[in-house]
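*Asks:* Based on what follows, work out the 3D shape:
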Amino acid sequence: MTESVYKVIELVGTSSESWEKAAAAAVERAAQSLRELRVAEVVEMDMVLEDGKVTMYRTKVKVSFKYESGG
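*Replies:* Numbers count the residues shown, from 1 in each chain. Next comes the predicted model:
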């Protein structure tokens, strides 16, 4: 059996429409530069408010990807 190691990073995605779109934005952006993404876990959600109205949804996600050594 082959063992694997995964690295976990935290990202914050934003959207003016929803927390789901904010999370998707973070994962989709990470996929542009990281290979073999495995799991994305939502760890926090919040909103930016201006004049008592929601202007931005923010979703913090932990994303794991397979760790490959450089050597």
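
*Asks:* measure residue 64 to residue 11 for me?
*Replies:* Between residue 64 and residue 11 the computed distance is 11 Å (C-beta to C-beta, to the nearest Å). Backbone N, C-alpha and C define where each C-beta goes, glycine included.

*Asks:* any residues in contact with both of those two?
*Replies:* Counting by C-beta atoms under 8 Å, 6 or more residues apart in numbering, residue 64 and residue 11 have no contacts in common.

*Asks:* how about low-confidence regions in the chain?
*Replies:* Applying pLDDT under 70 to the chain picks out residues 1, 70-71.

*Asks:* run the last query once more with 90
*Replies:* 1-6, 35-36, 38, 66-71 (pLDDT under 90).

*Asks:* show me where it has helices.
*Replies:* All helices of the chain, identified by DSSP state H, fall at 19-31.

*Asks:* Show me where it has its strands.
*Replies:* Assignment of strands within the chain using DSSP state E yields the ranges 6-15, 37-50, 53-66.

*Asks:* between those, which one is nearest to residue 23?
*Replies:* Nearest to residue 23 among the strands of the chain is strand 53-66 (4.2 Å), distances taken as C-beta to C-beta.

*Asks:* what lines up beside that closest one in the sheet?
*Replies:* Strand 53-66 has these partner strands in its sheet, going by DSSP bridges: strand 6-15 (antiparallel), strand 37-50 (antiparallel).

*Asks:* Among the ones you listed, single out whichever gets nearest to residue 56.
*Replies:* strand 37-50 (3.9 Å).

*Asks:* what's the angle from that closest one to helix 19-31?
*Replies:* Here the directions of strand 37-50 and helix 19-31 differ by 130 degrees (axes from the mean of the first three to the mean of the last three C-alpha atoms, to 10 degrees).

*Asks:* Now do the buried residues in strand 37-50.
*Replies:* Across strand 37-50, burial judged by 16 or more other C-beta atoms under 10 Å covers residue 40.

*Asks:* I'd like the distance between residue 53 and residue 27.
*Replies:* Taken as C-beta to C-beta, the span from residue 53 to residue 27 is 27 Å.
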